[in-house]
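Visitor: Got a predicted structure here, sequence first:
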Amino acid sequence: MNATPPPLVATTTLTPKSPLELFIVFTLLAMQGFGGVLAVAQRELVDRRRWLTREEFVDAYSLAQLLPGPNVVNLSLMLGDRFFGWRGAMAAIGGMLLLPLVVVLVLAASYNGLSDYPAVAGALRGMGAVAAGLMLAMGLKMLGALRGNVMGPVLCALLGAASLALIAILRVPLAWVVVGLGAAGWSLAGWCIFRQGRER
């Protein structure tokens, strides 16, 4: 009796065809990202386009967060450079900023006239709740990428819980949390790598 083999899960990544494709994809990402592009970027770049694995996305985003400037803009710059050098970097960052800049300028110009309407205030509050939900869902989805992390699940969970406590409960400024816990995570990862090397 011939058993049908289970479908293979694609683990290979693909490459964008041109800088123009990068520009279009990042423009679409930016226009979907009301309240934050990160959750949309993870779904589009990892799940749909398969330009990155989940682990590569986590690594790239970690570096983007440590650099000065908006996280997703840093991410787009790094990914554009990875695929097409400086042309790809300019295409990706142009897609991320050009059309949203136009939309923001138009909305800012009309906000003073519309801000007194209760429907507008309610819509803004609703978008804030949706943005928080998107970030939470993206964070839960990215947990799977930490399975192969050199620090193991316990240390990763402790660093995540410490970040949550410092930001949400103690109200420590984000810059201090990134620098402090980033340095701690870097040191712990280095120690774990060193220890694994000695055990071999």
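Guide: Arrived safely, thanks for sending. Please read all numbers here as calculations on a predicted model, not as lab measurements. Residues are numbered from 1 along each chain as shown.
Visitor: all contacts plus neighbour counts: C-alpha atoms, from now on.
Guide: OK.
Visitor: Now name the helix or strand holding A137.
Guide: Element membership for A137 (DSSP states H and E) is helix 118-142.
Visitor: What helices and strands are in contact with that helix?
Guide: helix 38-42 (3 or more CA pairs under 8 Å, 6 or more residues apart in numbering; DSSP states H and E).
Visitor: What residues sit buried inside the helix it packs on?
Guide: Burial within helix 38-42, assessed by neighbour count using 16 or more other CA atoms under 10 Å, is assigned to 38-42.
Visitor: ditto for stretch 55-68
Guide: Buried, per 16+ other CA under 10 Å, within stretch 55-68: 55, 57-58, 60-61, 64-65.
Visitor: again, but for stretch 181-200
Guide: Buried, per 16+ other CA under 10 Å, within stretch 181-200: 181-182, 185, 188-189, 192.
Visitor: how's the protein carved up into domains?
Guide: The chain breaks down into these domains under automatic domain parsing: 19-147, 149-200.
Visitor: Can you tell me which of these is most buried?
Guide: Counting by mean count of other CA atoms under 10 Å, domain 19-147 has the highest mean neighbour count of the domains of the chain, with a mean of 17.
Visitor: about what we covered before: and the buried residues of stretch 181-200, which of them are in helices?
Guide: Under the assignment DSSP state H, the buried residues of stretch 181-200 contribute 181-182, 185, 188-189, 192 to helices.
Visitor: quick one: which of the residues you listed is nearest to I167?
Guide: Here the nearest of those to I167, counting by CA to CA, is L181; it sits at 11.5 Å.
Visitor: In contact with the closest one, which residues?
Guide: 159, 163 (CA atoms under 8 Å, 6 or more residues apart in numbering).
Visitor: Can you give me the pLDDT of V9?
Guide: You'll see V9 listed with a pLDDT of 38.
Visitor: Do a quick rundown of the strands in the chain.
Guide: Counting by DSSP state E, one finds no strands in the chain.
Visitor: what's the spacing between the residue nearest the centre of it and A137?
Guide: When CA atoms, centre = their mean is applied to the chain, the residue found nearest the centroid is L38 (3.9 Å). Distance, L38 to A137, by CA to CA, to the nearest Å: 11 Å.
Visitor: gap between the two ends of stretch 21-40?
Guide: First-to-last distance for stretch 21-40 - CA to CA - comes to 17 Å.
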